[in-house]
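**Student:** sequence plus predicted model, see below.
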Amino acid sequence: MYFKKSILQVLSLLVLAALALSACITPSAQAPAAPAAADGKDWSTVKSAADGGGMDALVAAAKAEGELNVITLPRDWCNYGEMIDTFSTKYGIKVNSLNPDGGSADEIQAIIDNKANKGPQAPDVIDVGPAYGPLAKDQGLITPYKVATWDTIEGTNDPDGHYFVDYSGVLVLEVNSDVVKELPKSYKDLLDPKYKGQVALAGDPRASNQAAQSVYAVALATGGSLDNIQPGLDFFKQLNVAGNLLPLIADSGPIAKGETPITFQWSWNAYANKATFNGNPNIEVIYPSDANWGGYYYQAISAYAPHPAAARLWQEYLYSDEGQLTWIKGYCAPARLADLFARNVVSDELKAKLPDPKLLAESTVPNGDQLTAARALIKDQWDKVVGVDIKASK
C-alpha cells in the first residue's frame, strides 16, 4: 500500500511518542479594498497581526465589525459548535453560520456569488477539502494571512498563507448497530444483499470533499490506485444497481432515525455521533480492512470577506492553543499537534479522543494534484456511471 509522508504521518508519530512518554512522565488576484476600519486600517490587505499593528489592534477592529460569516460548519463537525460559541463570547462578535450542511464546492461558489455585494451570504472564511485550497487560490478567491503560530502548523500549507491545514483523520464506516446486526468489515462487504437499502454517503460526491474521498477510498479497495479512481465509480454503480445505495445524504438526523444505517464517514464525525447519541441509537465505528484512507482540510480567508478583521481574528483563535484543543475535543487531530505535545498541553483525556495513531500514520493520502483530478472526474462521471442523485432527506 502507498504511504504518503504527509501531515498525517507526522502528527500520528507524535501521538505515539507522546502517549509513550506520558506513561513514563507526567499569488492570487487582490479583492477590491474593503471600507477602512475605524482605525483607518484596510484589514483586507493585512497579512499578519503584526502587519496590522498587533493583536490588540486586530481584536479592536474585529469587535468594531461585530460579525463573522462562517460557512458549511455543522456544530458537531470537529466540535465547531463549541468553537463558534466560545469565540463569540470571548470577543463579543456575532457569528453567522451559513449553509451548515453544504460541501466544499458550496463554499467556493458562495465566494464567487457574493464577490460584488459582500452581503450576509458572503463567507469571511472557509474550511475546505485539500483539492479546493489551490483551486480557490488560482481563482483569486482567497487572500494570504499567517497567524501568530504559523511556524508550528504542520502540513502542505501554501507558503504565502493563502491556505493552511487545520485538522486530519481517517475514513471509517459509521454503523447503526440497532439496525445492522451483522457488521460489515470491509468496503467490499457493502455489496452483500443483506445491506440492501442501508448504505449512504455523508454528502453529494459532486460537491462534498468527504463524499468524493469516499469514492476515492473505495477505488483503492477495489483494484484502483491514487491515479485511477474509476473502480470507485464502478463500485458505487454496483451498489446502486443492487439497491444497497441510498439516495440520501447521511447527516446526524437520518443516522439517528435509522434511515441511513451504514455511512461513509470521517472518523471525527463518527465518534462525535457515537458520543452524542449515547446509545440511542448504538453506533459502531468500523475501520474497513481493505483500505485505510486518511484526509485533512484547509482553512482560508476570503479575498472578498465582508468582515476582514473578524476573519483574521477567527483564524488566530482557531490556531491558538485553546482553539486547537477545542478541535481535539471534537475527535480531530489539529495541525499544531506536534507543538502542543512538545509543550505538554494535551491532557490524557484529550489524547484519548485522537484518531488511532497507527492507522493515522499508515493511511493513504493523495496529493493535491491527485485530489484535484479525482474531484474533476467524479463531478463529470458520477451521473453517467452511478446515476443516482444524492440529496438531503426531507
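**Tutor:** Perfect, thanks for sending it. Numbering: from 1, shown residues only.
**Student:** show me where the stretch 1-150 of the chain dips below the pLDDT cut-off.
**Tutor:** For the stretch 1-150 of the chain, the stretches flagged by pLDDT under 70 are 1-39.
**Student:** quick one, strands of the stretch 151-300 of the chain?
**Tutor:** 164-176, 199-201, 245-249, 262-266, 283-286, 294-302 (DSSP state E, counting those that start in this stretch).
**Student:** nearest to Thr326, of these?
**Tutor:** Nearest to Thr326, of all the strands of the stretch 151-300 of the chain, is strand 164-176, at 10.5 Å by CB to CB. For every residue, glycine as well, the C-beta is placed using N, CA and C.
**Student:** same question for the closest one, mean pLDDT?
**Tutor:** Here strand 164-176 scores 97 as its mean pLDDT.
**Student:** partners of it in the sheet?
**Tutor:** Strand 164-176 pairs in its sheet with strand 262-266 (antiparallel), strand 283-286 (antiparallel), strand 294-302 (antiparallel), strand 333-334 (antiparallel), by DSSP bridges.
**Student:** to Asn79, which of these lies closest?
**Tutor:** strand 333-334 (10.7 Å).
**Student:** residue contacts, Ala62?
**Tutor:** By CB atoms under 8 Å, 6 or more residues apart in numbering, the contact list for Ala62 reads Leu68, Tyr91, Ile93, His307, Ala309, Ala310, Arg312, Leu313.
**Student:** picking up where we left off before, now distance to Pro100 and mean neighbour count too, for the strands of the stretch 151-300 of the chain, in JSON lines please.
**Tutor:** Conversion of the strands of the stretch 151-300 of the chain to JSON lines gives the following (distance: least, CB to CB, whole Å; neighbours: other CB atoms under 10 Å):
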{"stretch": "strand 164-176", "distance to Pro100": "17", "mean neighbour count": "26"}
{"stretch": "strand 199-201", "distance to Pro100": "18", "mean neighbour count": "26"}
{"stretch": "strand 245-249", "distance to Pro100": "13", "mean neighbour count": "20"}
{"stretch": "strand 262-266", "distance to Pro100": "16", "mean neighbour count": "27"}
{"stretch": "strand 283-286", "distance to Pro100": "21", "mean neighbour count": "18"}
{"stretch": "strand 294-302", "distance to Pro100": "15", "mean neighbour count": "26"}
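**Student:** between those strands, which gets nearest to Ile142?
**Tutor:** Closest among the strands of the stretch 151-300 of the chain, once you apply CB to CB, is strand 294-302, at 4.2 Å.
**Student:** may I have the closest one exported as PDB, CA atoms only?
**Tutor:** The C-alpha atoms that make up strand 294-302 are tabulated as PDB, following Å, rounded to 0.1, in the frame of the first residue of the first chain:
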ATOM      1  CA  GLY A 294      -6.600   9.500   5.600                       C
ATOM      2  CA  GLY A 295      -7.700  13.100   4.900                       C
ATOM      3  CA  TYR A 296      -7.300  16.700   6.000                       C
ATOM      4  CA  TYR A 297      -8.800  20.000   5.400                       C
ATOM      5  CA  TYR A 298      -7.700  23.600   4.700                       C
ATOM      6  CA  GLN A 299      -8.500  26.900   6.300                       C
ATOM      7  CA  ALA A 300      -8.500  30.100   4.200                       C
ATOM      8  CA  ILE A 301      -9.800  33.700   4.300                       C
ATOM      9  CA  SER A 302     -12.000  35.000   1.500                       C
END
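**Student:** my guess is Asn273 meets Gly253, correct?
**Tutor:** No - using CB atoms under 8 Å, Asn273 makes no contact with Gly253, being 10.6 Å away.
**Student:** these two - which one has more neighbours?
**Tutor:** Asn273 (22 against 13; other CB atoms under 10 Å).
**Student:** for Val125, name its beta-bridge partners.
**Tutor:** Beta bridges link Val125 to Ile301, judged by DSSP bridges.
**Student:** so who does it touch?
**Tutor:** Leu68, Asn69, Val70, Ile71, Gln299, Ala300, Ile301, Ser302, Ala305, Ala311, Trp314, Gln315.
**Student:** do the same with Gly224
**Tutor:** Gln230, Pro231, Gly232.
**Student:** got a quick ChimeraX command for the buried subset of those?
**Tutor:** Restricted to buried positions by 16 or more other CB atoms under 10 Å, the ChimeraX selection for the contacts of Gly224 reads:
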select :231,232
